[in-house]
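S.K.: give the three-dimensional model of this entry:
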Amino acid sequence: MPEDLEVIIQGIAVIPTQNQPMEDDEPLQYFTPATPPVAPTIQVNMAEAQVDKDEEEEEENRPTKGSLKGSPPAKFNGDWKMVKKFLNDFKTYKFLNRKNETMKIPTNRVALALTFTKGEHVQDWSHKMMKLMEERLESTLNPMPETHEYHWDSFEDAFRDAFTDISE
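M.R.: Below you'll find the model as predicted:
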């Protein structure tokens, strides 16, 4: 039997009950409950708390691998009147999906943009752009990392040069 339970039972036994006379020479006894155990003090290591906060922020900024959100730009078929619209629509699409791995890595972004260039007037140009990017990545002398923004900048400049109306 636990000690606390035994103390309680003994205390209850000495408590006078109603309708029983007490003798005058018998001293009054009071039940004093045992003090409850004190909960241990919890110490928080602030360094660990900061690490947890950093991990949450890192998780929030980590690239996602899921599908892209929003409406992709309309297919570009080489129509010079649609160059600005295509680039602006792709820029919006890129911004909406900025945390997605496809948009964070410039080579993936270029490859995605090339999937929206379709038709006989753009297929040779698209193939040429993909080949140039592959050569930069696989160069034996000076390979360029896929994360280098030059890949996207080069694509965007080449796109404007190839399809913008020069008389504009």
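S.K.: show the residue spans covered by the helices in the chain.
M.R.: In the chain, the segments counted as helices under DSSP state H are 3-14, 46-61, 83-96, 101-104, 106-115, 123-138, 150-163.
S.K.: could you give the average pLDDT over the shortest one?
M.R.: Rounded to a whole number, the mean pLDDT of helix 101-104 is 92.
S.K.: check stretch 120-127 too.
M.R.: 93.
S.K.: contacts for that stretch next, please.
M.R.: 76-78, 114, 117, 162-163 (CB atoms under 8 Å, 6 or more residues apart in numbering). No exception for glycine: its C-beta is placed from N, CA and C like everyone else's.
S.K.: tell me which of those residues is nearest to Met144?
M.R.: Leu114 (17.4 Å; CB to CB).
S.K.: what's the closest non-adjacent residue to that closest one?
M.R.: Counting by CB to CB, 6 or more residues apart in numbering, Leu114 lies nearest to Ser126, which is 4.9 Å off, once chain neighbours are set aside.
S.K.: and the one you found, how many residues sit next to it?
M.R.: 20 (other CB atoms under 10 Å).
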